[in-house]
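J.: could you work out the structure for the sequence below:
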Amino acid sequence: MTVPRPFTTPDPQAVADSRIMDFARHVGREGADYATVHHWSVSDLEGFWGAVWEYFDIDADTPYERVLAEETMPGARWFPGATLNYTHHALRNLADNAVAIIALDETGSCHEVTASRLRAQVASVAATLRELGVGQGDRVVGYLPNTPHAIVAFLATASLGAVWSVCGQDYAPRAAADRFAQLEPTVLITADGYLFNGTAHDRRDAALELASSLPTLKATLLVDHVGLPWPSRTYPTLVVPWEDAATRTEQLICTPVPFDHPLWVVFSSGTTGLPKGIVHGHGGVLLEHLKTLGLHSDLGPGDRLLWYTTTHWMMWNLVASTLLTGAASCTYDGSPVPLAKPDVLWELAARHQVTVFGTSPQYLLGMAKFGIDPSDHDLSSIRVVGCTGSALPASAYPWVRDHVGDGVLLASISGGTDVVSGFAGSAPNTPVWGGELSAPHLGVALAAYDEEGRPVTDQVGELVITRPMPSMPLCFWNDPDGARYRDAYFSSYPGVWRHGDWITVTGHGSVIVHGRSDSTLNRNGVRLGSADIHDAVERLPEIVEALVIGAEESDGGYWMPLFVVLASGVVLDDSLRERVKEAIRSGASPRHVPDEILEVPGIPHTRTGKKLEVPVKRLLQGAPAEEVVNLAAVDAPDLIDHYARLGAARRERSA
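T.: Numbers count the residues shown, from 1 in each chain. Got it, this is the predicted structure:
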């Protein structure tokens, strides 16, 4: 078989100067290509992760006994005996006068937070939290936009050995409470609002509603972000202004915790039932993010990362972890394409000399579609354009080369909230093929399995991970026997992680992602569970039932229809469509308003009552009915043909 020609090959000098090659020299593999180092990284887990520990000079309060004491999945035991703290490592590599965080927004405004100022704020907020009763293992939650406040609050929480969780304020209070109430938090930190598309969205009432839904709270910290005064009202808890919490003169004390002590809880999208709380540990996140950001993204002191994200997407966690490398993190509050200035992210990247720029396929495709030219700005500082959220089609690669920069590494990445990192992507020393991810990441034993559980090359299979990673979840929240955790990842192939993506591992070592095999909605890289939308829409008296689908299309687009079953005598007119959209905007997320609202005779379910989201998605994408659903297991088999016809009609219109 002829190996396809790479779209780009790495510049030899850039490779020689990269941190990943310095790491290769550090481990005695000078001159080795990426594939050789990767093979070692997954065949000798203890050697590789021990080398990552040494290379990044992990500062443990007590040493580890061995790197990997137990390899069984689930249940791998990494670095037993070691105690450390994430916050200590996030703040230790920053010179006092260096810029640590650059706070940006859609208006183009900016303010910088130096490392000394960041340390002072973290110490102050940590002392405030301690006085409010937060201790090791307690939970602190944030209802916050992507601003420095969120990073400060997270680092302060982690410094105490407490557990952090956050979501954006475009989540309705009920949706946020569905997540946070599970954690029984001690303190809520919330802002007055956020910016989006020229509007300051007032979330003061939403903050009060959320606080009232969390009965375990002892206090609420109120952040002044968009300049809306907090009215005098009765909160269910003690209220502390952020300005008071963050301006004390205190000494930062980071509590050493075991390697696998919980750091944060990130939530699944909530496709069925309540969102699952996924717990990651201090040490696993520390090593995984140093590897991902320091080696794959080549970040270090003097660099700057700007990645468009919201606080409830796992990319926010990576944005915060930029500090681990000594690089500066850019936060951004606002729309990625505000009407007043749709190229504002590129303008900001140029003005602040960003070295790693991160976005989604939908953003890049939209730039090309609407004729926006990033090269109107001086983007010579950008070395890497990272892209994740869905597969980046091959058609986007020439556009990035021509409109961002010929020497830029276009790093299409696939990973997940589950491991809060990437499974496959690029590195400074990997070729790039159009429409493909260059290679599995270091330390990731990735394979494509066929239906019999055998690894296959050059054919579609299930994405699996055959050996453990340090950032795999410690557990799910409120899953004491681990049954839900095992069922989520290990029920298909015992002892092997099944992720839920369809991929091809090619003969030349790259990875092609064909889309999710679950039903998470992923609009412009912002993930949301269908359950949140169903809940908002089905509250309307005119709607009996609803089903939302996010379908990746062959041209790289993303179609998100909402199917509704109407109450008797109701007509789906423009007025009802607008009420449905408003229900989604206010009750779930303004960024997940569907592309179309279509009346259907019914929603198919399993015989136990579960909506057939994944089979309907695949029908709409053109998969034959007999390949995606067992009609004997469907409560209304005649509906399957209806959705298949809808998909065929759309494809015919698009042809």
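J.: now for the protein, the helix or strand with the poorest mean pLDDT.
T.: Least confident helix or strand of the chain, by mean pLDDT, DSSP states H and E, is strand 526-528 with a mean of 71.
J.: I'd like the next helix or strand past that strand.
T.: Going down the chain from strand 526-528, the next helix or strand is helix 530-537, by DSSP states H and E.
J.: partner strands of the very next helix or strand once past that following helix, with direction?
T.: Sequence-wise, the next helix or strand downstream of helix 530-537 (DSSP H and E) is strand 543-548. Strand 543-548 has the following strand partners under DSSP bridges: strand 561-566 (antiparallel).
J.: what's the spacing between the strand it pairs with and its chain's center?
T.: Put simply, strand 561-566 sits 28 Å off its chain's centre (CA atoms, centre = their mean, to the nearest Å).
J.: over to stretch 373-392?
T.: On the basis of CA atoms, centre = their mean, stretch 373-392 is displaced by 18 Å from the centre of the chain it belongs to.
J.: what about L45, distance to V526?
T.: 33 Å (CB to CB, to the nearest Å). C-betas here are computed from N, CA, C, even on glycine.
J.: swap that for L446, please
T.: For L446, the distance to V526 equals 25 Å [CB to CB].
J.: before we move on, what about T359?
T.: Counting by CB to CB, the separation of T359 from V526 is 12 Å.
J.: just I372 next, same as before
T.: I372 sits 20 Å away from V526, going by CB to CB.
J.: which of these two has more residues huddled nearby?
T.: Shown here are I372 and V526; by other CB atoms under 10 Å, V526 has more neighbours (22 against 14).
J.: surely the more buried one is in contact with T311?
T.: No - counting by CB atoms under 8 Å, V526 stays clear of T311, with 10.7 Å between them.
J.: give the contact list for the nearest residue to G108 once chain neighbours are set aside.
T.: Nearest residue to G108 in three dimensions, chain neighbours excluded: V344, at 6.2 Å (CB to CB, 6 or more residues apart in numbering). Counting by CB atoms under 8 Å, 6 or more residues apart in numbering, V344 makes contact with 106, 108, 334, 338.
J.: please redo it, this time with the cut-off set to 7 Å
T.: Going by CB atoms under 7 Å, 6 or more residues apart in numbering, V344 touches 106, 108, 338.
J.: what about the first one, how many neighbours?
T.: E106: 23 surrounding residues under other CB under 10 Å.
J.: tell me the spacing between the closest residue to it other than its chain neighbours and P145.
T.: Distances taken as CB to CB, 6+ apart place G334 nearest to E106, at 2.8 Å, with adjacent residues excluded. To P145, G334 is 9 Å away according to CB to CB.
J.: S414 now?
T.: Distance from S414 to P145, counting by CB to CB: 26 Å.
J.: re earlier: identify the residues contacting the residue nearest to E106.
T.: 105-106, 195-196.
J.: ditto for L442
T.: L442 makes contact with 37-38, 41, 291, 295 under the criterion CB under 7 Å, 6+ apart.
J.: could these be laid out in JSON lines, adding distance to P4?
T.: Shown next, in JSON lines, are the contacts of L442 (distance: CB to CB, whole Å):
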{"residue": "V37", "distance to P4": "23"}
{"residue": "H38", "distance to P4": "20"}
{"residue": "S41", "distance to P4": "25"}
{"residue": "K291", "distance to P4": "28"}
{"residue": "L295", "distance to P4": "26"}
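J.: so which of the residues you listed sit within helices?
T.: The helices, defined by DSSP state H, take in 37-38, 41 from these.
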